[in-house]
Structure formats: structure tokens, C-alpha cells
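In: missing the sequence, but the structure's below:
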């Protein structure tokens with residue numbers, strides 16, 4: 001009888017112990033679950049904040065990329081690639097590459113020889129002046145007097161020759177103004193002869209004091 005009572009008490013204690021263990025296990029699991037939920041929420045919040053930062057950074061990168069965008073322009077006849085925001089620094093530029101095969105200006109065939117950079121400036125000579133194109137006279141002044149001569153117009157092609165001969169008739173004085181070659185159909189020009197002004201001096205011998213040959217070009 002006492003033995004049976006003892007066994008019952010032992011079973012009861014065991015049951016109590018088992019229930020307590022179960023309760024502790026359940027409570028621990030519940031606490032662990034709650035902890036995991038909190039951790040998951042914290043991680044989600046962190047990811048949300050990080051995502052917002054990444055978005056901001058992404059927008060910054062987009063803005064930076066916009067600032068760094070390059071475009072192709074045609075400026076002063078040359079194709080260039082420049083940052084888009086600097087387009088205003090190239091006045092007169094057009095967007096896109098320069099056109100290829102730009103038409104070249106027609107070759108000049110009409111010419112004027114004058115006494116200066118202005119094509120209307122007379123030629124001054126003391127005394128006589130002869131101008132030849134490929135050996136053919138386009139001017140032959142032989143009056144033996146110092147004078148101003150109207151600019152000389154003629155036709156010729158680039159590469160042909162111009163001969164210039166100045167002669168002194170009165171040996172006391174001699175001079176020839178500068179000579180400029182102008183294309184009559186454009187603004188192209190160049191100086192052929194810088195000028196010669198020896199002034200006047202007694203005892204000189206009459207004769208040629210300038211004899212030059214030039215190639216026609218501008």
C-alpha cells in the first residue's frame with residue numbers, strides 16, 4: 001500500500017516535471033520566435049533605409065551621368081566631342097559632325113596688280129615699267145617719265161609666271177612702288193614686290209634697276 005502510494009507520488013511528480021519542462025520549452029520557443037520577428041523587422045527596416053540611400057545615390061549617379069554626357073559638334077570647320085553643358089562655350093558651332101567633302105572655292109583666273117594692299121592703289125614708277133604674263137606684255141610703259149599707273153587687270157591661271165622689269169631713263173632718280181597681286185573675283189591677295197626707292201643721286205647710269213619673275217598664286 002505504501003509502495004503504491006509512493007509510485008503514484010513519483011508519477012505525479014514526473015508529470016509535474018514534464019509539464020514544467022514543456023512550459024519552459026514552449027516559453028523559450030515563443031521568446032525565440034518573438035526575437036526572430038524583431039530581428040526580421042529590424043533587418044527589413046535596415047534594408048528599407050539602405051534602399052532609400054541607394055536610390056538617392058542612384059539619382060546622384062544619374063545626375064552625374066547627365067553632367068558628363070558628351071556631344072559631337074562642328075566648330076570652325078573641325079569636328080569635336082565636348083561635354084554637353086559646354087556647348088555655349090563654342091559660339092557658332094553646330095551639333096553633329098562637320099560635313100565631309102566641303103566644296104573648295106573655284107580657282108582664280110582673273111587678276112589685278114596694284115601698287116598696294118588695296119586693289120585700287122595706283123602703281124608708282126620712275127621711270128618705265130613692263131609687266132609680262134608668261135612672256136606676253138600686259139603693261140609696257142615706255143614714256144620715260146615718272147608717273148602713277150592704273151592697276152593692271154589680266155587673265156591667267158595659277159602657276160603661270162609674272163615678269164616685272166623697271167627701267168630708269170633719267171639716271172638722277174628711280175623708284176617703283178610695292179606690287180600686290182589680287183584675285184579679281186575674291187578677297188585673296190599677296191604682295192609680290194616690297195618696293196624700291198633709291199631716291200635721287202647724280203652720276204647714276206640709266207638702265208634696268210628691277211627685274212623679277214613670280215609665280216601666280218594667292
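Out: That came through, no problem. As the structure is a computational prediction, the values presented were derived from the model and not from experiment. Numbers count the residues shown, from 1 in each chain.
In: going forward, measure contacts and count neighbours with C-alpha atoms only.
Out: Noted.
In: quick one, what contacts the nearest residue to residue 151 once chain neighbours are set aside?
Out: Counting by C-alpha to C-alpha, 6 or more residues apart in numbering, residue 114 is the residue found nearest to residue 151 once chain neighbours are left out, at 4.5 Å. The contact partners of residue 114, taken as C-alpha atoms under 8 Å, 6 or more residues apart in numbering, are 120, 121, 122, 123, 150, 151, 152, 179, 180, 181, 182.
In: any low-confidence regions in this structure?
Out: Of all residues in the chain, those with pLDDT under 70 make up the ranges 1-68, 76, 101-106.
In: Just the buried ones among the contacts of residue 114, please.
Out: Neighbour-count burial within those applies to 121, 122, 123, 151, 152, 179, 180, 181, 182; the criterion is 16 or more other C-alpha atoms under 10 Å.
In: Those in strands, which ones?
Out: Applying DSSP state E to those, the entries found in strands are 123, 152, 179, 180, 181, 182.
In: okay, now the closest residue to the first one other than its chain neighbours: neighbour count?
Out: So that's residue 123. Nearest in space to residue 123, with sequence neighbours left out and distances taken as C-alpha to C-alpha, 6+ apart, is residue 115 at 4.1 Å. Number of residues near residue 115 (other C-alpha atoms under 10 Å) recorded here: 27.
In: got a list of what residue 115 touches?
Out: With contacts defined as C-alpha under 8 Å, 6+ apart, the neighbours of residue 115 are 121, 122, 123, 124, 151, 177, 178, 179, 180.
In: so which of the residues you listed comes closest to residue 97?
Out: Distance to residue 97, by C-alpha to C-alpha, is smallest for residue 180 among the contacts of residue 115, at 38.3 Å.
In: does that closest one have beta-bridge partners, and which?
Out: Partner residues in beta bridges with residue 180: residue 114, residue 191, with DSSP bridges as the criterion.
In: do you know how far it is from residue 167?
Out: Between residue 180 and residue 167 the distance, using C-alpha to C-alpha, to the nearest Å, works out to 19 Å.
In: now residue 153
Out: With distances taken as C-alpha to C-alpha, residue 153 is found 21 Å from residue 167.
In: Against residue 93, how distant is residue 156?
Out: 38 Å.
In: For these two, indicate the residue with more neighbours.
Out: Comparing residue 156 with residue 93 by other C-alpha under 10 Å, the one with more neighbours is residue 93, at 18 against 15.
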